[in-house]
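Visitor: Okay, here's the prediction I keep looking at, along with the sequence it came from:
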Amino acid sequence: MGNALFKLNEGKEVLECKVQVETEMLSPIDLAASWRAHQEYFQPSRVRGTHDVTINPGLEGRAKNGFASGLELDLDKYVVPTPNMGSGVVYAASLTENPRSLLQTGSSSNNDTTKDILHNSTKGDSSLNHYVNTMKSTIGGHASSLEEQRAMFVDRGVGSPNFARPTMETFSMSNFKLDSESKGMPAAEGAVAAAAVADQMYGPKEDRKLAIVLVGLPARGKTFTAAKLTRYLRWLGHETKHFNVGKYRRLKHGTNQTADFFRGDNREGVEARNEVAALAMEDMLSWMQEGGQVGIFDATNSTRIRRNMLMKMAEGKCKIIFLETLCNDQDVLERNIRLKVQQSPDYAEQTDFEAGVQDFKERLTYYEKVYEPVEEGSYIKMIDMVSGKGGQLKINDISGYLPGRIVFFLVNCHLTPRPILLTRHGESMDNVRGRIGGDSSLSEAGELYSRKLASFVEKRLKSERTASIWTSTLQRTILTAHPIIGFPKIQWRALDEINAGVCDGMTYDEIKKSKPEEYESRRKDKLRYRYPRGESYLDVIQRLEPVIIELERQRAPVVVIAHQAVLRALYAYFADKPLEEVPNIEIPLHTIIEIQMGVAGVQEKRYKLMDAIHPTAGL
Ligand SMILES: O=P(O)(O)OC[C@H]1O[C@@](CO)(OP(=O)(O)O)[C@@H](O)[C@@H]1O
């Protein structure tokens, strides 16, 4: 502890100022370590001069790339098990909601349930109403003191205990997330959170709950589009669920319905299909009452009568936007029909594949006879987006934050299969030291990995017309990309590692010793915890959203060379992982995660090129 007394003679007046400085005793070893780290940071960086976009990389990479990478010709020799999703294809439809109204015994008839839902919807969320009223009166009225007014809008960090948590009366996003009573608030930061607060305050109740009702003939990519949209909205933090009516039909009426069941003049069949659609809608509305925010209602919904039934059930409870998928490309349709027969549970017991295809085509003709394109209400028409040769969106009566984002997401999506390769940078000097953040260069092992990666990329993408290499602006990723030649490289600030704020450059042990409350807060809620003057994982997800949109939009392969926390967030999107799991997803060094995005969903494959700390001379 150091004390100092400063005296300032201003003419006759002497100003005194006492200063007390708290210092902690550092052992000589810690002092030396922090001096070394300090020197390392101020070493001239080897990549500062490179532009954000380099199209024709220097030839020097070619020389290095030629030798010492020692990769086997057969890349499958490096394949390692994928800990999360297995190596099989995850069929999108299997990720849909289990029909609770069918699984619960004695589920009430449609009308009773609908009446119950209408009755309960007047209760609303008392604590949230109270909260919003308090906030309205504070903001609308006059906060009692200037201090409180200033405090109202200061978001003092979610997890860091260094800031007093604002009282219930002051306004701060953290209360919304932490107040377990307030439902429908996304687990998110930034724009998503701000829009949610605005909608809670000013949007009519039904606008705060959104039903995206799919419309379209079979084999138009409805289920795949529904799954993609569900994944995107969940990743942004919106409580989103995918309700597939086909699943309800199969549960209630079995999986071996022939095409006749789907005839427009088959009264029994029509009633049965409307019944399960109503059950699914009731389940979705019940789920919204319990706090769900966006329901993706996946069915053909091919007639105006059916759509009117759904709109009537949703009246006053949620906003409906119809999402119609239209496809005129016969090749795409043929491919989708064959994929559907191959993978749909409807044909799981069909031994004769071609007979299955014929039956499905017959079912299709029955739907085509009664199909009425959407012309009513709010709608988004996706026209030939599936083929990936352009396509377009037609929209009508779309407004608000979330619908706007959904349109922007859908206009950037396509189904052209292509691989996305995710990998961390090569081992860095700070990885060896166990220091987080920073901007250190690569260790010897990290440099060897960069050469192996260049070899891998050359082999894996040699059949591709083109590809691009994305890095962060930190030198450990730029240096890792350096030996790769022949592909344009782009530096993204958005791909920089999570900002550890005041803890940048420290080891976890040093944080635990010198900032135990920070360490403990992060351990307790790593997803929401924000480093003082740094970021949380929720912050990282929000800043990665433009990267996800661009990854969806790209038609050529992309190699993303980034960081542990950033890749956890990106991987969680493709693997549709719950947000709570994001901060602990395994993203080992020197491993490439290949994500294959295609018509059937997302497939994952992992290649481990070498160990982290002790490089092997040549594989
Ligand atoms: O969220 P945690 O588990 O701390 O992981 C993030 C940390 O991983 C590290 C390595 O410790 O990332 P990377 O080396 O991939 O850039 C740190 O820089 C970063 O702070």
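Guide: Ah, there it is. Numbers count the residues shown, from 1 in each chain.
Visitor: Contacts only, for the nearest residue to Ile585 once chain neighbours are set aside.
Guide: Spatial nearest neighbour of Ile585, excluding adjacent residues (CB to CB, 6 or more residues apart in numbering): Arg568 at 4.4 Å. C-betas here are computed from N, CA, C, even on glycine. The contact partners of Arg568, by CB atoms under 8 Å, 6 or more residues apart in numbering, come to Tyr537, Val582, Pro583, Asn584, Ile585, Ile587.
Visitor: For PyMOL, write the select line for the buried members of those.
Guide: For the buried members of the contacts of Arg568, the matching PyMOL selection, counting by 16 or more other CB atoms under 10 Å, is:
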select buried, resi 537+582+583+585+587
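Visitor: that older thread, the ligand versus the residue nearest to Ile585, what's the distance?
Guide: According to CB to the nearest ligand atom, to the nearest Å, Arg568 and the ligand sit 7 Å apart.
Visitor: do the same with Asp576
Guide: Distance from Asp576 to the ligand, by CB to the nearest ligand atom: 21 Å.
Visitor: Pretty sure that residue sits against Arg231.
Guide: Yes - contact status for Asp576 versus Arg231: in contact at 4.7 Å, counting by CB atoms under 8 Å.
Visitor: so how far is the ligand from the most centrally placed residue in the chain?
Guide: Nearest to the geometric centre of the chain sits Trp235, at 2.9 Å (CA atoms, centre = their mean). Separation of Trp235 from the ligand (CB to the nearest ligand atom): 17 Å.
Visitor: Repeat that for Glu458.
Guide: 24 Å.
Visitor: if we can go back for a sec, if we look at the ligand, which of the contacts of Arg568 are close to it?
Guide: Pro583 (CB under 6 Å from any ligand atom).
Visitor: what's the closest of the contacts of Arg568 to Val47?
Guide: Distance to Val47 across these (CB to CB) is lowest for Ile587, with 22.4 Å.
Visitor: so is that closest one in a helix, a strand, or just coil?
Guide: coil (DSSP: H, G, I helix; E, B strand; the rest coil).
Visitor: was I right about it contacting Ala569?
Guide: No - with contact defined as CB under 8 Å, Ile587 does not count as touching Ala569 (10.0 Å).
Visitor: Please point out which parts of the helix or strand that Gln200 is a member of sit buried.
Guide: Assessed by DSSP states H and E, Gln200 sits inside helix 190-202. The neighbour-count check on helix 190-202 (16+ other CB under 10 Å) flags Gly190, Val192, Ala193, Ala195, Ala196, Val197, Asp199, Gln200 as buried.
Visitor: Can you add pLDDT and distance to Leu453 and give these back as a markdown table?
Guide: Compiled in a markdown table, the buried residues of helix 190-202 are given as follows (pLDDT from 0 to 100; distance: CB to CB, whole Å):
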| residue | pLDDT | distance to Leu453 |
| --- | --- | --- |
| Gly190 | 88 | 32 |
| Val192 | 88 | 34 |
| Ala193 | 88 | 37 |
| Ala195 | 84 | 39 |
| Ala196 | 81 | 40 |
| Val197 | 81 | 43 |
| Asp199 | 77 | 44 |
| Gln200 | 74 | 46 |
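Visitor: Is it possible to get JSON lines of those residues that adds distance to the ligand?
Guide: JSON lines is the format used below for the buried residues of helix 190-202 (distance: CB to the nearest ligand atom, whole Å):
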{"residue": "Gly190", "distance to the ligand": "19"}
{"residue": "Val192", "distance to the ligand": "21"}
{"residue": "Ala193", "distance to the ligand": "21"}
{"residue": "Ala195", "distance to the ligand": "27"}
{"residue": "Ala196", "distance to the ligand": "25"}
{"residue": "Val197", "distance to the ligand": "27"}
{"residue": "Asp199", "distance to the ligand": "31"}
{"residue": "Gln200", "distance to the ligand": "30"}
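Visitor: Name the residues of the top helix by length along the chain that come out as buried.
Guide: Identified as the longest helix of the chain according to DSSP state H is helix 267-289. Within helix 267-289, the residues that count as buried by 16+ other CB under 10 Å are 269-270, 272-289.
Visitor: Setting the sequence-adjacent residues aside, check what's closest to Tyr401.
Guide: Excluding its sequence neighbours, the residue lying closest to Tyr401 (CB to CB, 6+ apart) is Ala195, at 3.9 Å.
Visitor: Help me confirm that that neighbour comes into contact with Pro403.
Guide: No - counting by CB under 8 Å, Ala195 sits too far from Pro403 to count as a contact (11.1 Å).
Visitor: give the contact list for the nearest residue to Arg100 once chain neighbours are set aside.
Guide: Nearest residue to Arg100 in three dimensions, chain neighbours excluded: Asp283, at 5.3 Å (CB to CB, 6+ apart). With CB under 8 Å, 6+ apart as the criterion, the residues that contact Asp283 are Glu97, Pro99, Arg100, Ser101, Phe243.
Visitor: separation between the third one and Lys459?
Guide: Same thing as Arg100. 48 Å (CB to CB, to the nearest Å).
Visitor: now swap in Glu239 and tell me
Guide: 43 Å.
Visitor: Repeat that for Leu71.
Guide: Leu71 is 7 Å from Lys459, by CB to CB.
Visitor: These two: who's more crowded?
Guide: Shown here are Leu71 and Lys459; by other CB atoms under 10 Å, Leu71 has more neighbours (21 against 14).
Visitor: distance of the more buried one from Phe456?
Guide: Leu71 is 6 Å from Phe456, by CB to CB.
Visitor: residues shared between the contacts of those two?
Guide: Here Leu71 and Phe456 have Tyr78, Leu609 as joint contacts, going by CB under 8 Å, 6+ apart.
Visitor: Can you list the strands that the helix or strand that contains Ala211 pairs with?
Guide: Element membership of Ala211, judged by DSSP H and E, is strand 210-215. Using DSSP bridges, strand 210-215 pairs in its sheet with strand 294-298 (parallel), strand 319-326 (parallel).
Visitor: Which strands and helices lie in contact with the helix or strand following the last one?
Guide: Think strand 319-326. Next in sequence after strand 319-326, counting helices and strands by DSSP H and E, comes helix 330-343. On a contact count with 3 or more CB pairs under 8 Å, 6 or more residues apart in numbering; DSSP states H and E, helix 330-343 meets helix 353-370.
Visitor: Mind giving me the packing neighbours of the helix it packs on?
Guide: helix 330-343.
Visitor: Quick one: the helices in the stretch 451-600 of the chain, in order.
Guide: Taking DSSP state H, counting those that start in this stretch as the test, the helices found in the stretch 451-600 of the chain are 475-481, 508-514, 516-524, 537-553, 564-574.
Visitor: do you know which of these lies nearest Gln293?
Guide: helix 537-553 (16.1 Å).
Visitor: so what's the closest residue to the ligand within the stretch 301-450 of the chain up against?
Guide: Here the stretch 301-450 of the chain gets closest to the ligand at one residue, Ile436, 3.5 Å apart by CB to the nearest ligand atom. Neighbouring residues of Ile436 by CB under 8 Å, 6+ apart: Asp430, Ala500, Cys503, Asp504, Gly505, Met506, Thr507, Tyr508.
Visitor: what about 6 Å?
Guide: Ala500 (CB atoms under 6 Å, 6 or more residues apart in numbering).
Visitor: Next, it: phi, psi?
Guide: phi -90, psi 160 (degrees, to the nearest 10).
Visitor: gap between it and Asp576?
Guide: Going from Ile436 to Asp576 by CB to CB gives 28 Å.
Visitor: repeat for Lys247
Guide: 17 Å.
Visitor: The two: which is more packed in?
Guide: Lys247 (22 against 19).
Visitor: Please verify my assumption that Thr416 contacts Arg555.
Guide: Yes - in terms of CB atoms under 6 Å, Thr416 counts as a neighbour of Arg555; the distance is 4.8 Å.
Visitor: Noted, bye for now.
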